[in-house]
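Undergrad: got a sequence here, can you model it:
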Amino acid sequence: AYRRTATNWSLAYSLEPSVTQSIRRFGAALSLDSNQLAVGAPGSLNGQGRETGAAFVFSVSSTQPELSAQLTANVATLARFGTSVALAGNHFLVGAPGDTDGGSVHVYRRQTNSVWQPQIRMGPATTRPAQSFGTAVAFDGQLAAVGSPQSDSLEAFGGAVQLFTRRGDRWNTATTLVSG
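TA: Numbers count the residues shown, from 1 in each chain. This is a model prediction of the structure:
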């Protein structure tokens with residue numbers, strides 16, 4: 001991570017996972033919210049040695065970052081959990097575009113004890129394989145946008161973006177934007 005001092009940028013620290021043998025593609029996706037940094041590692045191995053992916057949350061201070069959470073999900077092999085990440089307040093969204101039924105986005109909520117609890121698994125509006133739902137995610141605290149670049153809503157692999165709204169702990173599909 002770099003910090004700016006007056007007119008110069010300098011390396012403040014380097015972020016690396018602690019267990020490097022099973023952590024792969026660390027840094028493939030990043031999201032920064034206040035003093036929290038989310039990092040995706042979609043090539044990571046799970047406890048059974050399957051490539052499913054992982055995501056991390058770090059507390060970032062002026063000195064050295066501290067690992068707050070390492071998250072995995074019950075996803076298919078090659079799901080690429082951690083391909084995309086979005087962090088806003090007490091919510092953390094993690095994309096797994098290679099998951100079954102066309103891909104998924106997993107929503108976590110930070111509890112009062114700072115533990116990230118799974119809240120919901122979101123999927124595409126229609127369950128067709130290889131849509132890559134979750135390739136990209138953006139979240140502002142109330143509205144989530146999920147990219148599905150291989151969705152064939154109107155034309156072969158034209159792509160789509162599905163919007164979700166959050167009210168409290170409830171998530172609803174707002175609309176789907178399609179190419180064309």
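
Undergrad: tell me which element the residue lying closest to residue 29 once chain neighbours are set aside is part of?
TA: Closest residue to residue 29 apart from its sequence neighbours, by Cβ to Cβ, 6 or more residues apart in numbering: residue 40 at 3.4 Å. C-beta coordinates here come from the backbone N, C-alpha and C atoms, glycine included. Per DSSP states H and E: residue 40 is located in strand 36-41.

Undergrad: now what about that strand, what contacts it?
TA: For strand 36-41, the external contacting residues (Cβ atoms under 8 Å, 6 or more residues apart in numbering) are 1, 15, 17, 23-32, 53-60, 65, 68, 82-87, 92, 94-95.

Undergrad: mind doing that once more with 6 Å?
TA: The contact list for strand 36-41 (Cβ atoms under 6 Å, 6 or more residues apart in numbering) reads 23, 25-31, 54-58, 60, 82, 85, 87.

Undergrad: can you flag the buried ones in those?
TA: Buried by 16 or more other Cβ atoms under 10 Å: 23, 25-26, 28-29, 31, 54-58, 60, 82, 85, 87, out of the contacts of strand 36-41.
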